[in-house]
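Novice: Got a sequence here, can you model it:
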Amino acid sequence: MGKKITGKKEKKKKEKKESRTTHKGSGLLIAVEGIDGSGKGTVINHYGGLLDCLREHIQDMQIFDVDEWQSSQLGEGRFSPITNPGTSHRPLYENDNVKGEVIPRTPGLKESDVILLSEPSYGGSGYDVRFEVIQDNGREYSARSTAQSYSLDREVLDKRIVLPALNNGKVVIKSRCMASSLVYQPVQAQRNREPKLNPEYLIGPDFPGNNHQLLHVMPDLLIIQTISAEEAMERLKGRKEKIDGALFEELGFQKAISMIYQEKWLRDIYEARGTRVVYVDVEKSKEEVAEEASSHLETLLRERRGIIDYDK
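Specialist: Below is the predicted model of the structure:
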């Protein structure tokens, strides 16, 4: 089994925990953000990217991909074992009978060193967001309803997987986080001529999942990928495997959100909670993108030696 993410000295570990405001766990949380088609998987999975960087520090590193697991359990479309307890498969969110501290008992999850997942998820309420609420299917859901759907899925993921994993010293890498809702849904409301949704409202008590993430589950490292909306749309057209069919995949919408991702107020929300926010130009080659993202993680690991045993 891989080496756990622990500090060598208890004193250092205590100091790190007290000074961190992103979350209270001993693990590491990384989030990757960007417009549709920016290629969030490249910085995570490509040779020389985040996972390769972590392999340099975690011996025999074991990875659990929540998205892959949930997708494998979907079976016949909507009637997923994750949402239909009458099926024979064991659901990911199994009741542990221990209040909030134990990672679900899905085989491989608890034993892993690194956990990969996405917002929205591929099971439970996340399935509804992905394959109903944001689909271009002729059934319209308001921006507020969309934000509430994301918020619920976010809260379940954070409470059932992310926080227990961080409390057990694991690395969690998320494709998207609360930032997506703060960027996408205000633009959605504006374009649909609905009542205005501002970021302050979206992180407030009316959206418990967002508020919970703001207060308890902020990333240690937030990588925001920059790319022109035109290039991103070309990439989406060329996709053969991951075809989302989301209603947001339209040039005008992507242009609007690409500018918001680079606005100071978004960065301020995260930096105020102790998150390191970096921007990576993903119009470069995959190798260059992966290397740049990896260098940002390496810098964070050097500064926080108590998170992962640093051997370099």
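Novice: What separation is there between the closest residue in space to residue 167 that isn't next to it in sequence and residue 165?
Specialist: Of all residues not flanking residue 167 in the chain, residue 25 sits nearest, at 4.6 Å (CB to CB, 6 or more residues apart in numbering). From N, CA and C alone the C-beta is placed, and that goes for glycine too. As defined by CB to CB, to the nearest Å, residue 25 lies at a distance of 8 Å from residue 165.
Novice: the more surrounded of those two?
Specialist: residue 165 (26 against 23; other CB atoms under 10 Å).
Novice: so the more buried one is in which element?
Specialist: helix 163-167 (DSSP states H and E).
Novice: what do you get for residue 201?
Specialist: helix 199-202.
Novice: pretty sure residue 38 is touching residue 280, no?
Specialist: No: if you go by CB atoms under 8 Å, residue 38 and residue 280 don't touch, sitting 9.3 Å apart.
Novice: Overlap of the contact sets of the two?
Specialist: With contacts taken as CB atoms under 8 Å, 6 or more residues apart in numbering, residue 38 and residue 280 have 225, 226 as neighbours in common.
Novice: how about the helices of the stretch 201-312 of the chain, start to end?
Specialist: Here the stretch 201-312 of the chain has its helices, by DSSP state H, counting those that start in this stretch, at 208-216, 229-237, 251-260, 264-271, 286-303.
Novice: nearest to residue 64, of the ones you listed?
Specialist: For the helices of the stretch 201-312 of the chain, proximity to residue 64 was assessed by CB to CB; helix 286-303 is nearest, at 18.9 Å.
Novice: Who are the packing partners of that closest one?
Specialist: Helix 286-303 sits against helix 40-45, helix 50-55, strand 221-226, strand 276-281, with contacts defined as 3 or more CB pairs under 8 Å, 6 or more residues apart in numbering; DSSP states H and E.
Novice: List the buried residues for the second one?
Specialist: Going by neighbour count (16 or more other CB atoms under 10 Å), the buried part of helix 50-55 is 50, 51, 52, 53, 54.
Novice: Check which helices and strands that helix sits against.
Specialist: helix 40-45, strand 171-175, helix 286-303.
Novice: for the last one, same thing?
Specialist: Secondary structure elements in contact with strand 276-281, counted by 3+ CB pairs under 8 Å, 6+ apart, are strand 221-226, helix 264-271, helix 286-303.
Novice: Next, the buried residues of the first one.
Specialist: Read it as strand 221-226. 221, 222, 223, 224, 225.
Novice: Relative to residue 172, which of these is nearest.
Specialist: Nearest to residue 172 among the buried residues of strand 221-226, with distances taken as CB to CB, is residue 221, at 11.1 Å.
Novice: Give me the distance between the closest one and residue 139.
Specialist: 37 Å.
Novice: for the helices and strands packed on helix 50-55, which one ends up most surrounded?
Specialist: Burial of the helices and strands packed on helix 50-55 is given as mean neighbour count (mean count of other CB atoms under 10 Å); strand 171-175 ranks first at a mean of 25.
Novice: Quick check: neighbours of that one in the sheet, parallel or antiparallel?
Specialist: Strand pairing for strand 171-175, determined by DSSP bridges: strand 28-33 (parallel), strand 114-118 (parallel).
Novice: Centre of the chain to that strand, how far?
Specialist: Distance of strand 171-175 from the chain centroid (CA atoms, centre = their mean, to the nearest Å) equals 6 Å.
Novice: Past it, which element shows up next along the chain?
Specialist: helix 178-191.
Novice: Least confident secondary structure element in the chain?
Specialist: Ranking every helix and strand in the chain by mean pLDDT, DSSP states H and E puts helix 10-19 at the bottom, with a mean of 43.
Novice: Beta-bridge partners for residue 173, please?
Specialist: Under the criterion used (DSSP bridges), residue 173 bridges to residue 30, residue 116.
Novice: what about residue 229, neighbour count?
Specialist: Residue 229 sits with 21 neighbouring residues when counted by other CB under 10 Å.
Novice: and it, what does it touch?
Specialist: Contacts of residue 229 by CB under 8 Å, 6+ apart are 35, 251, 254, 255, 258.
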